[in-house]
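Novice: build the 3D model from these lines:
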Amino acid sequence: GAVTGTPAAPRTLLLGRYDGTGRLRYTGRTVPLARTATAALAGALAPAVGEHPWTGRTFTAGWGSRDLLEVALVDPQLVVEVDVDVARDAAGRWRHPVRLHRPRPDLTASDVPPFGARMTG
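Specialist: Below you'll find the predicted structure:
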């Protein structure tokens, strides 16, 4: 749904999953991306056009922080594979930054289980 940096040179990804009602729910942020990941994503990320589910939303720099991140909204259709730990907050977001494994252009957002559904694998 969003990046720090720009879509052409992302530093981190702000991730989301759609819930059963079609709302894009924020799930967490990646650790800073390696140069190879930035290069792989640069061509796959598109700036948001028109209305975006997170228009007007703010994101903090970390747990307990009041510092706001500067983010660029992107078209929320790119699916990525990530490595996460199991810790989640009360809202269902990952408590710790996640590691990007790879973009998954072979999948669409509708292939990802909805937010709140248990994921395996």
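Novice: just the pLDDT for the spatially most central residue of the chain.
Specialist: In the chain, the centroid-proximal residue (Cα atoms, centre = their mean) is residue 15; its distance is 1.3 Å. With respect to pLDDT, residue 15 has a value of 91.
Novice: what helix or strand is it located in?
Specialist: Assessed by DSSP states H and E, residue 15 sits inside strand 9-18.
Novice: I'd like to check the angle between whichever helix or strand comes after that strand and strand 9-18, please.
Specialist: Scanning forward in sequence from strand 9-18 by DSSP H and E, the next helix or strand is strand 24-29. If you take axes from the mean of the first three to the mean of the last three Cα atoms, to 10 degrees, strand 24-29 sits at 130 degrees to strand 9-18.
Novice: send the alpha carbons of strand 24-29 over as PDB?
Specialist: C-alpha atoms of strand 24-29 as PDB (Å, rounded to 0.1, in the frame of the first residue of the first chain):
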ATOM      1  CA  LEU A  24      -7.000  -2.700   3.000                       C
ATOM      2  CA  ARG A  25      -5.700  -3.300   6.500                       C
ATOM      3  CA  TYR A  26      -2.200  -2.200   7.500                       C
ATOM      4  CA  THR A  27      -0.200  -5.300   8.600                       C
ATOM      5  CA  GLY A  28       3.400  -4.000   9.100                       C
ATOM      6  CA  ARG A  29       6.500  -2.600   7.600                       C
END
